[in-house]
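In: Build me a model:
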Amino acid sequence: MYPNSPTSRHQPLLRTSSRSGYPRFIPVKYKNFYLILFTIILVGLILTGIFQFWPHSIDLREEPESFSLYDVGHLEEVTVPVMSPIPDRGELECRMHSCFDPYQCQSSPNYRISVYIYPIKKFVDENGTPIMPSISREFREVLTTIADSGYSTNDPSKACLFVPSIDLLNQNILRLRETGQVLGRLPRWNHGHHDFQLQGANHLLFNMLPGVEPDYNTALEVPRGKAILAGGGFSSWTYRPGYDVSIPVFNPFTADMELPGKPDGYSRPWLIISAQTVIHIDFRAELDAIARDNDDVLVLDRCNDLPEGIPAHRRRCKEDRVYNYPDILQEATFCIILRGARMGQSALSDAMMAGCVPVVAIDTYIMPFSEVLDWKRAAVLLREEDLPDVHNVLRKISQERITNMRRQVEYFWRSYFRSMKSITLTTLQIISDRAFRHASRSYEDWNEPTPRSGVTSPLFLPLIPTQAMGFTAVILTYDRVESLFRVITEIAKTPSLAKILVVWNNQAKPPPQAATWPKVNKPLKVIQTTANKLSNRFHPYDEIETEAVLAIDDDIIMLTPDELEFGYEVWREFPDRLVGYPGRVHLWDNATKSWKYESEWTNDVSMVLTGAAFYHKYFGYLYSTAMPGDIKNWVDTHMNCEDIAMNFLIANVTGKAPIKVTPRKKFKCPECTNVDNLSADQSHMVERSVCINKFTDLYGMMPLQMVEHRADPVLYKDNFPEKLKRFPQVGPL
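Out: Now for the predicted structure:
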């Protein structure tokens with residue numbers, strides 16, 4: 001029976017044309033099915049489009065307001081009720097770990113803080129009187145600098161730091177109570193909720209002129225809670241170390257000036273100039289007395305009866321003679337900076353602009369950016385009571401040091417003091433370094449003038465060598481077998497030791513049989529040299545597979561595993577330095593007009609002995625293949641000074657001083673006789689002075705760097721149980 005037969009029991013699914021065979025119609029029940037399916041698909045596509053392109057959430061309270069300085073004529077007016085809450089005065093105990101929320105910085109990209117500037121608003125009291133003064137030109141530059149920098153963000157939810165658009169630079173024109181109330185009304189002042197324990201946290205305030213007469217407090221007196229204060233004129237009593245930022249006092253009268261530079265070798269006619277106009281009468285009397293006794297001292301004061309049209313801030317006078325200011329400061333080697341009504345003085349910036357080395361005699365004053373800047377390189381810091389003796393002090397400073405200090409002053413001025421923009425960016429960089437310690441700028445980055453006068457470290461990778469790699473101990477020995485075996489046994493207990501390499505320097509006698517050597521749990525390799533040379537200890541042997549090398553003598557039996565492990569940890573932080581235990585120093589002998597090697601106990605260090613010292617294996621390669629002149633042959637011939645040669649080499653290549661670790665200042669070997677111990681021979685000490693002078697001549701300069709520094713373990717001298725200390729076995733002097 002055919003399907004289309006009238007007697008068929010089933011309806012055909014499709015009717016077809018007799019000619020084409022294509023479907024002619026669809027049954028009604030299937031048509032409805034397809035219509036419903038099509039409708040569902042269409043609605044799904046529409047809904048998908050809506051959710052894809054429509055904002056996922058709308059919350060007008062969180063919508064960020066963009067910062068702008070271009071619409072200040074149409075500001076939103078905000079009335080501050082007289083009973084508005086007032087923040088705390090400011091907590092002196094605040095530190096970054098207690099008053100700063102680091103979790104706010106999690107969204108900051110590239111290890112840099114994100115800064116949100118509050119929109120500018122017009123705050124008025126209940127009488128409609130403006131609370132805040134109009135924004136000054138200096139504070140306007142602060143805000144525009146932040147807004148145009150890589151720190152800025154328009155999203156407060158992603159901000160690490162918040163800057164109110166409230167000009168606090170000059171306390172003289174502020175209404176303290178009402179200004180504090182304005183701060184307390186900021187949306188994020190309490191971290192976005194009513195937690196008054198966090199008021200002001202992660203907020204930054206700028207102030208240059210704190211205090212008002214008659215007391216002139218050294219910090220801003222606006223109630224400010226836990227806010228960080230970038231202030232000019234801190235004393236040690238009001239400054240919160242590592243939390244506040246001490247900034248210079250900017251001089252708007254000299255901001256747009258460009259003083260012509262003095263040529264190299266220019267002889268400045270005045271040793272000392274004092275050009276401040278508002279200083280205490282006692283200070284002025286002392287300065288006048290110094291000037292009367294010394295012809296190279298010039299003390300200036302304000303001018304009286306200047307012709308109309310000549311600004312007073314551009315002139316200084318000595319009796320009837322008028323000098324241009326700050327131009328006159330370029331004629332002095334040193335410029336005296338004293339306190340006025342406030343500690344912070346714009347005279348410091350003026351002196352630096354003129355290339356005049358500041359002599360700061362302000363007790364308890366926190367120097368600008370002293371957290372990162374080494375002011376000993378750029379200024380002379382005196383106690384106020386020593387002011388009468390200032391001429392004798394400054395006259396003893398060598399011309400070489402003056403040249404270096406002037407170069408440092410000019411670098412500080414260009415980089416950190418020149419403008420409000422420089423001051424603002426430096427402040428933000430300091431806070432950013434605190435928040436991201438692992439990505440912070442180094443001491444050299446902050447303080448080394450660019451281009452750097454010396455050399456830079458060849459170990460340029462900013463990476464800490466992995467602890468798992470460990471270090472290779474290279475022991476130079478000749479014939480002290482018993483002492484050698486004791487050294488091997490002791491250093492093998494050091495956790496980070498990877499391998500022991502014994503350099504047998506005795507060609508007349510073979511090393512002991514393998515069975516007699518100590519049984520240790522670290523690989524032990526013996527290399528017999530072909531010639532008895534001290535330089536063999538620094539040869540870059542193929543067996544050295546680690547970056548860190550510990551050079552150690554065969555009689556150094558007093559170092560503990562804790563001391564060696566700590567020394568290795570310090571080296572990992574500073575792989576381009578020589579890290580050792582006993583320190584030595586070079587001194588200039590005025591009697592002989594030559595350098596002298598000194599082994600007495602001092603706080604200064606310019607060398608560390610390589611009888612036990614860590615260094616990067618790269619320096620072993622340089623010592624063996626690129627030592628200047630005939631230093632290497634001279635050392636091998638005289639059998640002395642290989643450690644001085646290595647100190648010279650590393651200091652010359654990196655421009656950095658060595659690092660002394662632990663208190664030890666001398667090595668003592670009770671079992672060693674004076675015959676065996678070269679350092680006990682007086683002629684040996686004399687020859688080491690000869691070495692320093694010879695190496696200095698070959699280098700054409702003195703590359704060694706003097707420092708007062710020692711690295712000790714945490715809790716080393718604290719009265720804690722030994723089990724709480726990571727390195728309890730650190731020996732005495």
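
In: In the stretch 451-600 of the chain, where is pLDDT below threshold?
Out: 451-467 (pLDDT under 70).

In: can you give me the helices in it?
Out: Remark: helices assigned in the stretch 451-600 of the chain by DSSP state H, counting those that start in this stretch are 481-491, 561-573.

In: any chance of the ones you listed in TSV, plus distance to Arg240 and mean neighbour count?
Out: C-beta coordinates here come from the backbone N, C-alpha and C atoms, glycine included. Converted to TSV, the helices of the stretch 451-600 of the chain look like this (distance: least, CB to CB, whole Å; neighbours: other CB atoms under 10 Å):
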stretch	distance to Arg240	mean neighbour count
helix 481-491	45	18
helix 561-573	27	21
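
In: Of all the ones you listed, which one comes closest to Leu622?
Out: Of all these, it is helix 561-573 that lies closest to Leu622, at 17.0 Å by CB to CB.

In: still on that earlier bit, could you redo the helices of the stretch 451-600 of the chain as JSON lines and give each row distance to Glu444?
Out: As requested, the helices of the stretch 451-600 of the chain are exported to JSON lines (distance: least, CB to CB, whole Å):
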{"stretch": "helix 481-491", "distance to Glu444": "32"}
{"stretch": "helix 561-573", "distance to Glu444": "14"}
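
In: Ser442 is nearest to which of those helices?
Out: helix 561-573 (11.0 Å).

In: you'd agree Met405 is up against Pro358?
Out: No: here Met405 lies out of contact with Pro358, judged by CB atoms under 8 Å, at a distance of 9.3 Å.

In: got any residues that touch both of the two?
Out: 378-379 (CB atoms under 8 Å, 6 or more residues apart in numbering).

In: between these two, who's got more neighbours?
Out: Pro358 (25 against 20; other CB atoms under 10 Å).

In: now the helices: where do they sit in the stretch 201-350 of the chain?
Out: Using DSSP H, counting those that start in this stretch, helices in the stretch 201-350 of the chain cover 281-293, 347-353.

In: Can you tell me the strand partners of the helix or strand just after the last one and which way each runs?
Out: On the C-terminal side of helix 347-353, the nearest following helix or strand under DSSP states H and E is strand 357-360. Strand partners for strand 357-360, identified by DSSP bridges, are recorded as strand 332-337 (parallel), strand 380-381 (parallel).

In: re the thing from before, could you point out which of the helices of the stretch 451-600 of the chain sits nearest Asn217?
Out: Judged by CB to CB, the one of the helices of the stretch 451-600 of the chain that comes nearest to Asn217 is helix 561-573, at 40.1 Å.

In: any chance you could map the strands in the stretch 101-250 of the chain?
Out: Using DSSP state E, counting those that start in this stretch, the strands of the stretch 101-250 of the chain run over 115-117, 122-124, 161-163, 204-207, 228-231, 245-246.

In: Tell me the gap between the second one and the middle of its chain.
Out: Computed by CA atoms, centre = their mean, to the nearest Å, the separation of strand 122-124 from the middle of its chain amounts to 39 Å.

In: do the fifth one as well
Out: Its chain's C-alpha centre lies 18 Å from the corresponding centre of strand 228-231 when counted by CA atoms, centre = their mean.

In: what comes up buried for it?
Out: 228-231 (16 or more other CB atoms under 10 Å).

In: Which two among those residues are spaced furthest apart?
Out: Counting by CB to CB, the most remote pair of these is Ile228 and Gly231, 9.7 Å apart.

In: Give me the common contacts of the two.
Out: With CB under 8 Å, 6+ apart, Ile228 and Gly231 have common neighbours 244-245.

In: Check whether Tyr216 really touches Ala341, as I assumed.
Out: Yes: using CB under 8 Å, Tyr216 makes contact with Ala341 at a distance of 5.2 Å.

In: what about stretch 296-306, start to end distance?
Out: In stretch 296-306, first residue to last residue: 26 Å (CA to CA, to the nearest Å).

In: go on, stretch 321-338?
Out: Using CA to CA, the two ends of stretch 321-338 sit 23 Å apart.

In: what's the answer for stretch 533-545, then?
Out: Start-to-end span of stretch 533-545 (CA to CA) is 23 Å.

In: Turn the strands of the stretch 101-250 of the chain into CSV, columns for distance to Ser689.
Out: CSV is the format used below for the strands of the stretch 101-250 of the chain (distance: least, CB to CB, whole Å):
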stretch, distance to Ser689
strand 115-117, 56
strand 122-124, 71
strand 161-163, 54
strand 204-207, 54
strand 228-231, 50
strand 245-246, 43
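
In: between those, which gets nearest to Pro713?
Out: Proximity to Pro713 (CB to CB) singles out strand 245-246 among these, at 30.3 Å.

In: Adjacent strands (with direction) for the closest one?
Out: Strand 245-246 has the following strand partners under DSSP bridges: strand 228-231 (parallel).

In: Report the mean per-residue pLDDT for the partner strand.
Out: The average pLDDT for strand 228-231 rounds to 96.

In: try stretch 148-157
Out: 93.

In: deepest of the helices of the stretch 201-350 of the chain, which one?
Out: helix 347-353 (a mean of 26; mean count of other CB atoms under 10 Å).

In: Can I get that helix in CSV? Just the C-alpha atoms.
Out: Extracted in CSV, the C-alpha atoms of helix 347-353 (Å, rounded to 0.1, in the frame of the first residue of the first chain):
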residue,chain,number,x,y,z
ALA,A,347,67.2,79.8,53.0
LEU,A,348,68.2,76.1,52.8
SER,A,349,66.7,75.8,49.3
ASP,A,350,68.1,79.2,48.3
ALA,A,351,71.6,78.1,49.2
MET,A,352,71.3,74.8,47.4
MET,A,353,70.0,76.6,44.3
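
In: Perfect, I'm done here.
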